[in-house]
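*Asks:* give me coordinates for this.
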Amino acid sequence: MEHSYEHFWLDPKFWVAISFVLFLVLAWKPVITKILSALDARAERIRAEIAEAAKLREEAEAMLREARARREAAAAEAERILAHAQEEARLVSAEMAEELAASLKRRERMALERIAAAEAEAAAAVRAVAADVAVAATRRLIAERMSGESHAALIDKAIRDLPQRLH
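*Replies:* Model prediction:
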């Protein structure tokens with residue numbers, strides 16, 4: 001039987017809808033706040049790790065500049081030595097440059113691996129926090145909305161279904 005109301009605010013459906021929207025707003029605000037604070041904390045840790053990686057890179061660049069300066073000094077000294085000594089100094093300089101490049105590549109690779117591990121750890125932590133928050137919210141909503149009778153019926157159904165799930 002359909003009721004017709006003179007004004008929409010007299011219709012109980014309108015007030016049920018308003019109540020439901022208010023419930024959603026009030027129920028989700030603490031959940032969203034917790035998620036955002038956890039994400040902000042994780043982002044800050046990642047920023048710190050990225051800053052550390054940038055510092056390591058700057059140190060590696062400084063070492064490269066120092067090595068280049070040493071190589072230039074060695075080249076100037078090698079020009080004053082006999083032709084044989086020049087060839088020998090050039091070979092040593094090239095070897096040092098290769099070792100330095102290999103060392104810098106290793107350091108850069110290690111820094112990139114640290115960044116990748118930190119990103120993976122951050123993603124896993126965010127997923128874990130989101131899952132924990134979702135489980136807690138679901139548990140709370142079920143506890144709030146489920147009456148004693150429906151709770152007992154759900155337990156009885158789970159017990160009846162247990163043999164099927166075990167086999």
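*Asks:* contacts and neighbour counts: CA atoms only from here.
*Replies:* Fine.
*Asks:* so how far is E49 from the residue nearest the centre of the chain?
*Replies:* By C-alpha atoms, centre = their mean, the chain has its centre lying nearest to A122, at 2.6 Å. Distance of A122 to E49, given as C-alpha to C-alpha, to the nearest Å: 11 Å.
*Asks:* shaky segments in this protein?
*Replies:* Scanning the chain with the threshold set as pLDDT under 70 gives 1-5, 78, 80-83, 85-86, 89, 167.
*Asks:* quick one, strands of it?
*Replies:* For the chain, no strands are identified by DSSP state E.
*Asks:* scan it for its longest helix.
*Replies:* Longest helix in the chain, counting residues (DSSP state H): helix 12-79.
*Asks:* same for that one, what does it pack against?
*Replies:* Counting contacts by 3 or more C-alpha pairs under 8 Å, 6 or more residues apart in numbering; DSSP states H and E, helix 12-79 packs against helix 83-145.
*Asks:* A43: what's it in contact with?
*Replies:* A122 (C-alpha atoms under 8 Å, 6 or more residues apart in numbering).
*Asks:* got the contact list for A125?
*Replies:* Counting by C-alpha under 8 Å, 6+ apart, A125 touches R42.
*Asks:* enumerate every residue touching I50.
*Replies:* I50 makes contact with I115, according to C-alpha under 8 Å, 6+ apart.
*Asks:* ok, now the one 10 residues further on?
*Replies:* Contacts of A60 were listed using C-alpha under 8 Å, 6+ apart, and they are L104, R107.
*Asks:* go again using 7 Å as the cut-off
*Replies:* By C-alpha atoms under 7 Å, 6 or more residues apart in numbering, the contact list for A60 reads L104.
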